[in-house]
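S.K.: Provided below for reference: sequence and predicted model.
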Amino acid sequence: AGLGRCNSLVVFVDYSAHGDSLLVEITEQRKNLAFAKIVEILEPSPFRVKPPCRHFIVCGGCSWQHLSQASQLEQKNSLIQDSLIEVFKTHPAEILPVIPSPKSYNYRNRIQMTADLGKWHFRKKHSADLVSVKTCFLVEEPVLALVENPPPKLLDKTRYDLRLQQDGKVLITPLQEETE
């Protein structure tokens, strides 16, 4: 989520990009911070790109596809630096930059999905609701093959971890849901 300010209120805005000019709607407000959704992009950031995935806005699987690769790396470096400063309460002498993957897509070797009615689903962002997907631009090819062609006998309403192992096989492990 991007960060903006309105008077003394810090506002987090999903899918925003540094340099965007936006019309937003507050969806949740706390004492000194709020969460908002984009109503309209008045002036897009030069770092904004068209996400290749049609599920991008509703799917909770990724959050960066609307940013150029260079902007993604810059944002990730900034997050790491800010986190280290927050944890250690000092500026580290040197922070090495994030090492980019040589691939822009199909680089992730692990995902979590939920099976239902013989299909894979991601969870909707900020929700337990399911989003049916037939493909994913982030996972490596062997995992993608299972996303596109789910194996038979998956247990409905079960969350699974799909992990590409070093031998090239995909391990599918059912996960135990957290109870409240």
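M.R.: Great, that's in hand.
S.K.: and stretch 48-58, how far out from the chain middle?
M.R.: 11 Å (CA atoms, centre = their mean, to the nearest Å).
S.K.: what does the longest strand along the chain rub up against?
M.R.: Longest strand in the chain, counting residues (DSSP state E): strand 33-43. The contact list for strand 33-43, computed with CB atoms under 8 Å, 6 or more residues apart in numbering, reads 1, 4, 6, 9-16, 20-29, 48. To be clear about C-beta, it is placed using only N, CA and C from the backbone, and glycine gets the same treatment.
S.K.: among those, the buried ones, what's the ChimeraX command?
M.R.: Selection of buried members from those for ChimeraX, criterion 16 or more other CB atoms under 10 Å:
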select :4,11,13,14,15,16,20,22,24,48
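S.K.: give me the subset of the contacts of strand 33-43 lying in strands.
M.R.: Per DSSP E, strands hold the following members of the contacts of strand 33-43: 4, 6, 9-13, 21-29.
S.K.: element containing the residue nearest in space to the middle of the chain?
M.R.: The chain has C62 as the residue nearest its centroid, 2.2 Å off, counting by CA atoms, centre = their mean. Using DSSP states H and E, C62 maps to neither a helix nor a strand.
S.K.: tell me how far it lies from K153.
M.R.: 28 Å (CB to CB, to the nearest Å).
S.K.: could you do V98 as well?
M.R.: As judged by CB to CB, V98 and K153 stand 40 Å apart.
S.K.: quick one, what contacts V133?
M.R.: So V133 contacts 55, 59, 61, 113, 120-122, 147 (CB under 8 Å, 6+ apart).
S.K.: phi first, then psi, for it.
M.R.: Dihedral pair for V133: phi -130, psi 150, per degrees, to the nearest 10.
S.K.: I'd like the distance between it and H91.
M.R.: Distance from V133 to H91, by CB to CB: 41 Å.
S.K.: in its sheet, what does the helix-or-strand element of the chain with minimal mean pLDDT sit against?
M.R.: When each helix and strand of the chain is scored by mean pLDDT, DSSP states H and E, strand 2-6 comes last, with a mean of 83. If you go by DSSP bridges, strand 2-6 pairs up with strand 9-13 (antiparallel).
S.K.: now do the strand it pairs with: distance to the chain's middle.
M.R.: Relative to its chain's centre, strand 9-13 lies at 19 Å (CA atoms, centre = their mean).
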